[in-house]
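Student: Give me a 3D structure for the following:
(one chain, ligands or ions: 1)
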Amino acid sequence: MGEVFKQDSIRTIEKELLENTFIYQMAIKDVTDRLDKIGKRLHSANKHRYIHQVYSRIKTASSIVEKLQRKGFPVSTQSAWENLYDVGGIRVVCPFMEDVYTIVDEIKAAYPNAVVYERDYISQPKENGYRSYHIGLEMPEYITVRKDDYTDMVEQTQVKIEIQLRTLAMEFWASLEHSIYYKSQGTMDVSTQVELKTCADIIADADSRMQRISDKVNSNRVI
Ligand code: 0O2
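Tutor: Alright, predicted model coming up:
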């Protein structure tokens, strides 16, 4: 793809995305409200905070164009709507590894018909050391459309959303690696890659140790 065409595509998608952002925002709000309820219920039942923080974001137009190109999809707003799950993204950060799996089970129970895929990059990390649990959801949203005669009509649409779940330690690594990767403009030398992978391994080990400490303390606790 030529640079001029790429810049034009980014501008077009940016403009068209703005018109549809509210649909992604509605789906994000549904899921984050549900997560809030799940977190409160688990906290009250078990006196433990399973969710440290929840963030959400709408993918930028340039990141959409880059991903459509990388995956070999047509570059357009329609194609992003049909093919990408992470235009609307939610990040759930949990204290411990087992908390991540608890919340994954809760999400699957809350949206039994909406889960399209699960990718467990925690038990099977990416080659660079990236660890996270990704869930793709496709959920119905209802939008009000104003007709030519000024009456309103409610339409159902299917919105794709990705939830990424990880521990605090995984979040630490992923956010630093993300910024280092972008600063390197995709040309990271091998020694930097090896160094980052070593950090990912140290962090994975620390996560496992923290889990064991927590399990030990909990098993000694008098209820
Ligand atoms: P931004 O700026 O937030 O858009 P997926 O299909 O999502 O399960 P896949 O096919 O690997 O995973 O897709 P992709 O596009 O590589 O990754 C999607 C998102 O997952 C990324 O969004 C990151 O948030 C996260 N992610 C995946 N791999 C890595 C990684 O190696 N390092 C880090 N730091 N994050 C990763 P964007 O597009 O990078 O970011």
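
Student: what does this structure put close to the ligand?
Tutor: Along the chain, the residues adjacent to the ligand under the rule Cβ under 6 Å from any ligand atom are 59, 63, 67, 86, 119, 126, 128, 130, 134, 162, 174, 177-178. To be clear about C-beta, it is placed using only N, CA and C from the backbone, and glycine gets the same treatment.

Student: Neighbour count says what about those residues? Which are buried?
Tutor: Applying a neighbour-count criterion of 16 or more other Cβ atoms under 10 Å, the buried members of these are 59, 67, 86, 130, 134, 162, 174, 177.

Student: which residues touch the first one?
Tutor: This means residue 59. For residue 59, the set of contacting residues under the criterion of Cβ atoms under 8 Å, 6 or more residues apart in numbering consists of 67, 84, 86-89.

Student: can I get the residues you listed in a markdown table with secondary structure, pLDDT and distance to residue 200?
Tutor: Listed next are these as a markdown table, based on DSSP: H, G, I helix; E, B strand; the rest coil; pLDDT from 0 to 100; distance: Cβ to Cβ, whole Å:
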| residue | secondary structure | pLDDT | distance to residue 200 |
| --- | --- | --- | --- |
| 67 | helix | 93 | 22 |
| 84 | coil | 96 | 26 |
| 86 | coil | 94 | 21 |
| 87 | coil | 95 | 27 |
| 88 | strand | 96 | 27 |
| 89 | strand | 97 | 21 |
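
Student: Which two among those are spaced furthest apart?
Tutor: Of all pairs drawn from the contacts of residue 59, the widest gap by Cβ to Cβ lies between 67 and 88 and measures 13.5 Å.

Student: Looking at the contacts of residue 59, which is nearest residue 141?
Tutor: For the contacts of residue 59, the minimum distance to residue 141 (Cβ to Cβ) is 10.4 Å, reached by residue 88.

Student: which residues touch the residue nearest to the closest one when sequence neighbours are not counted?
Tutor: Take residue 88 and drop its neighbours on the chain: the residue closest to it by Cβ to Cβ, 6 or more residues apart in numbering is residue 24, 3.6 Å away. Residue 24 sits next to 58, 87-88, 159, 161 when contact means Cβ under 8 Å, 6+ apart.

Student: now with 10 Å?
Tutor: With contact taken as Cβ atoms under 10 Å, 6 or more residues apart in numbering, residue 24 is in contact with 17, 56-59, 81, 87-89, 141, 159-161.

Student: Buried residues, the helix or strand where residue 210 lies. List them.
Tutor: Under DSSP states H and E, the secondary-structure element containing residue 210 is helix 190-220. By 16+ other Cβ under 10 Å, the buried positions in helix 190-220 come out as 193, 196-197, 200, 203-204, 207, 210-211, 214.

Student: same check, this time on stretch 109-122
Tutor: Buried residues in stretch 109-122, defined by neighbour count with 16+ other Cβ under 10 Å: 111, 114-115, 120-122.
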